[in-house]
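Need a 3D model of the following:
(chains A and B)
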Amino acid sequence: MTVVIPDETPLAQQRQQRLRLWLLLAPGALWLFFFFVLPLLIVMLYSFATPGPTGNVIWEFNFNSYITLMGKDLYFNAYYRSLWVGIQTTVICLLVGYPLALYMTLAEPKQRNLLLFLVLIPFWTNFLVRTYAWMIILSNNGLINDLLQFLGFAKQLLYPSAGAVLVGLIYGNLPFMVLPLYASLARFDFTLMEASADLGAGRWRSFWRIMFPLTVPGVVAGSVLVFIPTVGQFVVSDLLGGSKVDLLGNLLQRLFTRSNPPNWPLGSALALVFMFVLTVIVIIYFRTTTEEDR
Amino acid sequence: MTNASAVVLQQVTKRFQNVTAVDAIDLDIRDGEFFSMLGPSGCGKTTTLRMIAGFEFPSAGVISLDGVHVEKIPAHLRNVNTVFQSYALFPHMTVAENIAFGLEMKNFSRADIKPRVDAALAMVQLANYGARRPKQLSGGQQQRVALARALVNRPKVLLLDEPLGALDLKLRKEMQIELKRLQQEVGITFIYVTHDQEEALTMSDRIAVMNQGKLLQVGSPTEIYERPSSRFVADFIGEANFIEGHVTEIGSPYCTVRASNGLELKGILQGTSPVGTAVTIAIRPEKLRLTVQAPDNVFTLAAKVEQVVYIGSDTRLTVRLSDTITLDVWEQNNRSTLDRDAYWQRDEAGFVTWNPDNALILTA
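Predicted coordinates:
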């Protein structure tokens, strides 16, 4: 019987390390390739194809879909409106979420856990159901209008409206803003606020000069997490906007399924251009907000 | 040093829910003084400092700064600055920006700020470090930045909350001397909180000893060490032998105490304790002498050596007087090496002597 001693030359070791790296990366890489890169390429391909008369796709390649996009206000307005709704939602979530996250950070541990739990509770119910709940709350015979009437005011048309869409979006996205902010604030050293006050800064100045800059990573993470899904969604604007509020997501959904006939090439082009715009916006946002740390 | 008061505390009390952290404290801290507040953790010294800074507001009592009542004025409007235990430097700013922050808040112009920041950096020997971030500095350097950031504002009083706590021993000793030098240079009143008695003795003009929210004694390092007013102070500052007993005779200058084993001991009475009161006699170990022969004409007690620890400069002995009383005796190794009294071994017999001036009779 012979004992085999493994040949542990540096080269063999290196090869083994590289193999290990590939094995670790493989599941994620394969997943991303098949379910992200490949579909994206297919969408790209579609965007250059020609729509057929029955909603089918004719494989004749041209720039017609992109030319159509540029030519119609409808599409420009959808982009514009979606971005605007996204910005409004993000800003309001930030304005509501920051004080909430700060309060949670400063609360006693017991109370803090309860608050964290309350922030997460809505996730236990299906998002659609929660959006339907808003329809009922805002409807003509809903909670708010009943309350208005009880207090002697006239009933208001709250739903369907752009305002209702915004309310629904803020409600649904607030936890995605609060949680990264909370994580950022929990790491913040509050002695720095005492140091700032000690050096003559009032609360407001201390906040802007010390606390806010040091929690920017949370602000960036929360804003991106709220902004990106908001601009692309179609469910909330469909349900709470009563098809009066045409956002990009609604337009896309219609182009792919509802219009007569469906137009996949135009839908693909619309999605790709928007993806490009969003990517540029997010990159600019990251660049301007994280400059400090370089 | 003038005799004007920089900070005066009158009956200052701070309660947190049911806990009284600071209990009716009176203090008069003089202009230009290096004043230390010393005590074990939780004694209320940091809370007192935070009330002077304006981070906490007293539940009762009056704090005046330079003659003006400030107990209700928030921190950012008080002319005091703090050096924090954790330094609390702003991590997103450079060293120079950190130091400039206070001047900026007081709306100094950029042209005025620059030379002051440079001077402050030079003062703490960090002239070329202005462009660095706090994280790129060592603990000792961060400490200096924290000092510069506070002193650049020329505060009436500088508050220091265990500022050397995070440094290693050697650096701490260096910084103690540095701090004292700085304080004399700038002439600003320093209020220094520490639990390290040696630090307090080394640097302070006066020391306040606190325990359980109460102020026990205020005095110079010598007064605190040589004439402690209570058993706690004698025990907390330095080492001391304690012998318990009752006052049997009030005299001048010496009073007599009968120890629990029947010995009659003389000492100086601190405070007032009538005949019959339970008291403790405190004697520092370096005030005791141990000799082979009983010395003539002085009070002496027979003793037996129980333990000998030689530490180079000193020999630390433990001797037994009776079944219940042992004493620590520190003999300085300054005698002739031929002197019999310089060498001791376990179980040897000798005589312990002390000057009754150094035996303090403290109320139990």
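
The nearest residue to A:Leu83 once chain neighbours are set aside: neighbouring residues, count only.
Spatial nearest neighbour of A:Leu83, chain neighbours left out: A:Val231 (6.1 Å); criterion: Cβ to Cβ, 6 or more residues apart in numbering or on different chains. All C-beta spots, glycine's among them, are computed from the backbone N, C-alpha and C. Neighbours of A:Val231 under the rule other Cβ atoms under 10 Å in any protein chain shown: 24.

pretty sure A:Val231 is touching A:Thr279, no?
No. In this structure A:Val231 lies outside contact range of A:Thr279 using Cβ atoms under 8 Å: 11.9 Å.

who in the stretch 101-250 of chain A is up against chain B?
A:189, A:191-192, A:194-202, A:205-206, A:209-210, A:213-214 (Cβ under 8 Å from any Cβ of the partner chain).

so where's chain A shaky on pLDDT?
A:1-9, A:244-245, A:291-294 (pLDDT under 70).

Might you report the residue contacts of the nearest residue to B:His76 once chain neighbours are set aside?
Using Cβ to Cβ, 6+ apart and skipping residues adjacent in sequence, the residue nearest B:His76 is A:Ala197, 4.5 Å away. By Cβ atoms under 8 Å, 6 or more residues apart in numbering or on different chains, A:Ala197 lies in contact with A:203, A:206, B:54-55, B:74-76.

buried sites along the lengthiest helix in chain A?
Longest helix in chain A, counting residues (DSSP state H): helix A:73-106. Along helix A:73-106, these residues count as buried under the neighbour rule (16 or more other Cβ atoms under 10 Å in any protein chain shown): A:75, A:78-79, A:81-83, A:85-86, A:88-90, A:92-94, A:97-98, A:100-102, A:104-105.

Next, the buried residues of the one helix or strand B:Val117 maps to.
Per DSSP states H and E, B:Val117 falls inside helix B:110-123. Buried residues in helix B:110-123, counting neighbours by 16+ other Cβ under 10 Å, are found at B:113, B:116-117, B:120-121, B:123.

swap in stretch B:344-363?
Buried residues in stretch B:344-363 (16+ other Cβ under 10 Å): B:344, B:350-354, B:356, B:359-363.

could I get the residues you listed as CSV with pLDDT and secondary structure?
CSV is the format used below for those (pLDDT from 0 to 100; DSSP: H, G, I helix; E, B strand; the rest coil):
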residue, pLDDT, secondary structure
B:Trp344, 87, coil
B:Gly350, 91, strand
B:Phe351, 93, strand
B:Val352, 93, strand
B:Thr353, 92, strand
B:Trp354, 91, coil
B:Pro356, 90, helix
B:Ala359, 93, coil
B:Leu360, 94, strand
B:Ile361, 93, strand
B:Leu362, 93, strand
B:Thr363, 84, strand
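
Quickly name whichever of the residues you listed is closest to B:Ile224.
Proximity of the buried residues of stretch B:344-363 to B:Ile224 (Cβ to Cβ) peaks at B:Leu360, which lies at 12.2 Å.

Does the closest one touch B:Ile268 like I think?
Yes. Assessed by Cβ under 8 Å, B:Leu360 is found in contact with B:Ile268 at 5.8 Å.

Determine the longest helix present in chain B.
Per DSSP H, chain B has its longest helix at helix B:169-186.

Doesn't B:Gly267 lie inside a strand?
Yes. Using DSSP: H, G, I helix; E, B strand; the rest coil, the assignment for B:Gly267 is a strand.

Now it: closest residue in space that isn't a chain neighbour?
B:Gly267 sits nearest to B:Ala359 (Cβ to Cβ, 6+ apart), 3.4 Å away.
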